[in-house]
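Q: predicted model follows, preceded by the sequence.
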Amino acid sequence: MILIIGGNGQLGHDFQRLFKEKNIEFIATGSKKLDVTNTESIYSFVEGKKITLIINCAAYNNVDKAEEEKEICYKLNAYAPRDLALIAKEIGADYITYSTDFVFDGTKKEPYTEQDISNPLNNYSKAKKLGESLVLESYEKSFVIRTSWVFGVGNNNFVKQVINWSKTKNIISIVADQISAPTYSYDLAKYSWELIKTKKYGLYHLSNNGIASKYDQAKYVLNSIGWKGTLNIAKSSDFVLSAKRSGYSKLDSSKLEAVIGEKIPSWESGVDRFLNELRKKGEL
Ligand SMILES: NC(=O)c1ccc[n+]([C@@H]2O[C@H](COP(=O)([O-])OP(=O)(O)OC[C@H]3O[C@@H](n4cnc5c(N)ncnc54)[C@H](OP(=O)(O)O)[C@@H]3O)[C@@H](O)[C@H]2O)c1
């Protein structure tokens, strides 16, 4: 049996969709049913359920708020991932958890590989980096996946925000100096699953192929939905944000692609499929 923890978020939602499509049995829990910071309750939950894989989709994702809420951010992004790894070890289950492109400081100007040295710039990414190390030290049957700019139907995200702005604004300004790759949460779930099946544990990068600034991504979304307004280029320095961000954090996913023997689709393909999902749900 597979246990999806944090099953109500974007990735959790799409793991559920994937497993339903593949007729794979799973249990998914949200924060009300299973709080990842309460290790004892997780131990008693997994007891007797014959769990073979724990997927940790729970996280603290508010990058700016993490500058004030350091403690809860570290609990969710560093210590809970480690505790889940230890629980997986205890019950002999495989384990997968997620980290971020923000562990890099952006000084490199070409895609980051797993060999590149990380240098997180804010509390969110420092906690994520600590979580990566604790997990990999704690349990050898762990996968740690770094991903970037996730969007899917399961939660709010940048694509949904751009669509909302398009409904009320004729002029939109978006930064062009933050560069990475948007990642469709369904692809994140699908290619994680392909990796899990190989049992080649370790640290991997997984984002949709291609590269984009936030401006490029917004432009693609607005063109796709036929918005007729004006899109302007902005700079990060035009906005006051609490957390320092790396301007460049594009991940190179070729290690994972080599292991699974498949190419990950482009981010544009991910956006197209996401917009179709929204259309089907009557949300676009
Ligand atoms: N979103 C991004 O752009 C991005 C970028 C890089 C990396 N990542 C990483 O990718 C992974 C998946 O992200 P996502 O976008 O799918 O996240 P998400 O949509 O924000 O979902 C996170 C989930 O965490 C759950 N959660 C929060 N506190 C919890 C607690 N105490 N106990 C149990 N669950 C708790 C929430 O559950 P409830 O809804 O039930 O409260 C929520 O559904 C995360 O590790 C994230 O850090 C995301």
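A: Ah, there it is.
Q: which residue does the chain bring closest to the ligand?
A: Nearest residue of the chain to the ligand, counting by C-beta to the nearest ligand atom: Gly9, 2.0 Å away. All C-beta spots, glycine's among them, are computed from the backbone N, C-alpha and C.
Q: residues of stretch 86-99 that come out buried?
A: Across stretch 86-99, burial judged by 16 or more other C-beta atoms under 10 Å covers 87-88, 91, 93-99.
Q: likewise stretch 123-143?
A: 123-132, 134-136, 138-139, 142-143.
Q: same deal with stretch 198-215?
A: Applying 16+ other C-beta under 10 Å to stretch 198-215 flags 201, 203-215 as buried.
Q: gap between the two ends of it?
A: Stretch 198-215 stretches 36 Å from its first residue to its last (C-alpha to C-alpha, to the nearest Å).
Q: tell me the mean pLDDT over stretch 191-204?
A: For stretch 191-204, mean pLDDT is 98.
Q: what about stretch 4-17, distance to the chain center?
A: 11 Å (C-alpha atoms, centre = their mean, to the nearest Å).
Q: cool, stretch 115-129 as well?
A: Worked out by C-alpha atoms, centre = their mean, stretch 115-129 lies 15 Å from the chain centre.
Q: same question, stretch 252-260
A: 17 Å.
Q: ok, it near the ligand or not?
A: No: using C-beta under 6 Å from any ligand atom, stretch 252-260 stays clear of the ligand, with a minimum separation of 13.4 Å.
Q: name the residues of that stretch that come out as buried.
A: In stretch 252-260, counting by 16+ other C-beta under 10 Å, buried: 252-253, 255-257, 260.
Q: nearest to Lys228 among the residues you listed?
A: Ser253 (35.2 Å; C-beta to C-beta).
Q: any idea what the nearest residue to that closest one once chain neighbours are set aside is bridged to?
A: Closest residue to Ser253 apart from its sequence neighbours, by C-beta to C-beta, 6 or more residues apart in numbering: His205 at 4.9 Å. With DSSP bridges as the criterion, His205 is bridged to Arg146.
Q: hmm, who's touching stretch 115-131?
A: With contacts defined as C-beta atoms under 8 Å, 6 or more residues apart in numbering, stretch 115-131 is touched by 60-63, 66-67, 70, 73-74, 76-79, 81-82, 97, 99-100, 102-105, 107-108, 243-246.
Q: just the ones of those in strands?
A: Assignment to strands by DSSP state E places the following of these there: 97, 99-100.
Q: take these and write them to a markdown table, including pLDDT and distance to the ligand.
A: Putting the ones in strands among the contacts of stretch 115-131 into a markdown table (pLDDT from 0 to 100; distance: C-beta to the nearest ligand atom, whole Å) gives the following:
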| residue | pLDDT | distance to the ligand |
| --- | --- | --- |
| Thr97 | 98 | 7 |
| Ser99 | 98 | 7 |
| Thr100 | 98 | 4 |
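Q: check which helix or strand covers Ile233.
A: strand 230-234 (DSSP states H and E).
Q: nope, Ile172 is what I meant
A: Ile172 belongs to strand 171-175 when assigned by DSSP H and E.
Q: can I get the CA coordinates of that strand in CSV?
A: C-alpha atoms of strand 171-175 as CSV (Å, rounded to 0.1, in the frame of the first residue of the first chain):
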residue,chain,number,x,y,z
ILE,A,171,-2.1,46.1,-18.1
ILE,A,172,0.0,43.5,-16.3
SER,A,173,3.7,43.8,-15.3
ILE,A,174,5.7,40.6,-14.6
VAL,A,175,9.4,40.2,-13.7
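Q: where's stretch 32-46 relative to the chain centroid, distance-wise?
A: The answer for stretch 32-46 is 22 Å, by C-alpha atoms, centre = their mean.
Q: and stretch 176-185, by the same measure?
A: 11 Å.
Q: do the same with stretch 18-36
A: Relative to where its chain is centred, stretch 18-36 has its mean C-alpha point 17 Å off (C-alpha atoms, centre = their mean).
Q: tell me how far the ends of it are from each other?
A: Start-to-end, stretch 18-36 (C-alpha to C-alpha) is 23 Å.
Q: ends of stretch 52-61, what's the gap?
A: By C-alpha to C-alpha, one end of stretch 52-61 lies 27 Å from the other end.
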